[in-house]
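# Fold the following, please.
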Amino acid sequence: MNRVLLEKFNKEQLKQLPELRVGDTIKVHQKISAQGGSASGGKEDHGHKIQIFEGIIIAKKHGNGVSATITVRRIVEGVGVEKVFPIHTPSVSKIEVLGRGKTRRSKLYYLRIAKGKKGKLKNKEFATAIAEEKPEVVEAPVEKPIVEKKGE
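A predicted model of the protein is given here:
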């Protein structure tokens, strides 16, 4: 009985998220509590600000359930910064996928020590499905301007 209730509760907590893969460049919109009085946070947002963390997913752990986490890495002023986000937590308001990187590994921990060209991922074709569905553009014929020759 308790197990059924626990599974039901866990399913209610899951969010609808885009497909996240290791190597994706993403933006994570995270709610953080605003410090200060009513001037910084209004009543409609309950004192929360949205902080955006943009980087590459280097690890994905704990499956797709409630406890699933992703590790996102970015370089800030020459220093590597990593954050671990539980993806189904209420503090993560939105995750945007900006691009996909071509990877052959499930964990990209080698990016921590890779410098220069080795620290970059090759881009996977992200917009191929969109490019195939472009509507045909019909161009109108362009009239050539009349050029008068001087000196005749």
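# Name every strand pairing with the longest strand along the chain and say which way it goes.
In the chain, with assignment by DSSP state E, the single longest strand is strand 48-61. Paired with strand 48-61 in the same sheet, following DSSP bridges, are strand 25-33 (antiparallel), strand 69-76 (antiparallel).
# Not counting residues beside it along the chain, what's closest to residue 55?
Distances taken as C-beta to C-beta, 6 or more residues apart in numbering put residue 74 closest to residue 55, at 3.3 Å, once the chain neighbours are dropped. Every C-beta, even on glycine, is put in place using the N, C-alpha and C of the backbone.
# The one you found against residue 54, yeah?
Yes - with contact defined as C-beta atoms under 8 Å, residue 74 counts as touching residue 54 (6.2 Å).
# what residue is smack in the middle of the protein?
Most central in the chain under C-alpha atoms, centre = their mean is residue 26, positioned 2.0 Å from the mean C-alpha point.
# so that residue bridges to which residues?
Under DSSP bridges, the beta-bridge partners of residue 26 are residue 55, residue 97.
# can I assume it is in contact with residue 98?
Yes - with contact defined as C-beta under 8 Å, residue 26 counts as touching residue 98 (6.3 Å).
# shared neighbours of the two, which are they?
Shared contacts of residue 26 and residue 98, defined by C-beta atoms under 8 Å, 6 or more residues apart in numbering, comprise residue 54.
# In this structure, where is pLDDT below threshold?
Scanning the chain for pLDDT under 70 picks out the ranges 35-46, 125-142, 144-147, 149, 151-152.
# Dump the longest helix that it contains to PDB, keeping only the CA atoms.
For the chain, the helix that runs over the most residues, judged by DSSP state H, is helix 2-13. This file holds the C-alpha atoms of helix 2-13, laid out as PDB (Å, rounded to 0.1, in the frame of the first residue of the first chain):
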ATOM      1  CA  ASN A   2       2.700   2.500   1.000                       C
ATOM      2  CA  ARG A   3       4.800   1.500  -2.100                       C
ATOM      3  CA  VAL A   4       1.800   2.300  -4.400                       C
ATOM      4  CA  LEU A   5       1.300   5.700  -2.800                       C
ATOM      5  CA  LEU A   6       5.000   6.500  -3.000                       C
ATOM      6  CA  GLU A   7       5.100   5.600  -6.700                       C
ATOM      7  CA  LYS A   8       2.000   7.700  -7.400                       C
ATOM      8  CA  PHE A   9       3.500  10.700  -5.600                       C
ATOM      9  CA  ASN A  10       6.800  10.300  -7.500                       C
ATOM     10  CA  LYS A  11       5.000  10.300 -10.800                       C
ATOM     11  CA  GLU A  12       3.200  13.500  -9.900                       C
ATOM     12  CA  GLN A  13       6.500  15.200  -9.200                       C
END
